[in-house]
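**Student:** Provided below for reference: sequence and predicted model.
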Amino acid sequence: MKNITLLSTILLFAFSFNATAQASATGGEALDAISEVSDVVSSSRWEKGLVYKIQILASKDPLQEGDSQLKNLGNVYSYEHEGLTKYTWGRTRLPHEAARLQREMHRNGFKDAFVVHYYNGKRITAEEAKSLRK
């Protein structure tokens, strides 16, 4: 895992250096790409181990980008599962933090929000997550 993180950091630095040089030549267009790569690098560390996320919505039809239901939430992630597009917000490795995030979403109007569990990037049941914590 350390090697992957180190490699990701090196690649991000190299890409950032190159993109900064391109940005000065093109007037800044390449800086958006730095942000995208940075997001990928930081999210890759969340693909390993047990992770908790808060599911806030599920929809038969995907929501449009910028949908008012998701306004002001920050990073909302979507994925296909059991024939629905499901939307999650927040992520943590700590069960008590997941409970706090769930309460936060309840206060923000997502009364049906609940904790979903992932292990190595794959959604698992609460029971499986509980056995992994032991």
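**Tutor:** Arrived safely.
**Student:** average model confidence for the host helix or strand of Tyr87?
**Tutor:** According to DSSP states H and E, Tyr87 maps onto strand 84-92. What strand 84-92 shows for mean pLDDT is 94.
**Student:** Within its sheet, name the partner strands of that strand and how each one runs.
**Tutor:** Paired strands of strand 84-92, with direction, are strand 50-59 (antiparallel), strand 76-81 (antiparallel) (DSSP bridges).
**Student:** ranges for the helices of this structure?
**Tutor:** With helices called from DSSP state H, the chain shows them at 2-26, 31-44, 95-107, 126-133.
**Student:** Quick one: mean pLDDT over the shortest one.
**Tutor:** So the one you mean is helix 126-133. Mean predicted confidence for helix 126-133 is 92.
**Student:** For that helix, list every residue counted as buried.
**Tutor:** Ala129 (16 or more other CB atoms under 10 Å). Quick note: C-beta positions are derived from backbone N, CA and C, even for glycine.
**Student:** Next, the angle from it to helix 95-107.
**Tutor:** 150 degrees (axes from the mean of the first three to the mean of the last three CA atoms, to 10 degrees).
**Student:** For helix 126-133, which outside residues touch it?
**Tutor:** 50, 52, 95, 115, 117, 119, 124 (CB atoms under 8 Å, 6 or more residues apart in numbering).
**Student:** Just the C-alphas of it, formatted as CSV.
**Tutor:** Taking Å, rounded to 0.1, in the frame of the first residue of the first chain, the C-alpha atoms of helix 126-133 are listed here in CSV:
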residue,chain,number,x,y,z
ALA,A,126,-23.5,-4.7,7.7
GLU,A,127,-23.0,-8.2,9.1
GLU,A,128,-19.9,-8.7,6.9
ALA,A,129,-18.6,-5.3,8.0
LYS,A,130,-19.1,-6.2,11.6
SER,A,131,-17.2,-9.5,11.3
LEU,A,132,-14.3,-7.6,9.6
ARG,A,133,-14.0,-5.2,12.5
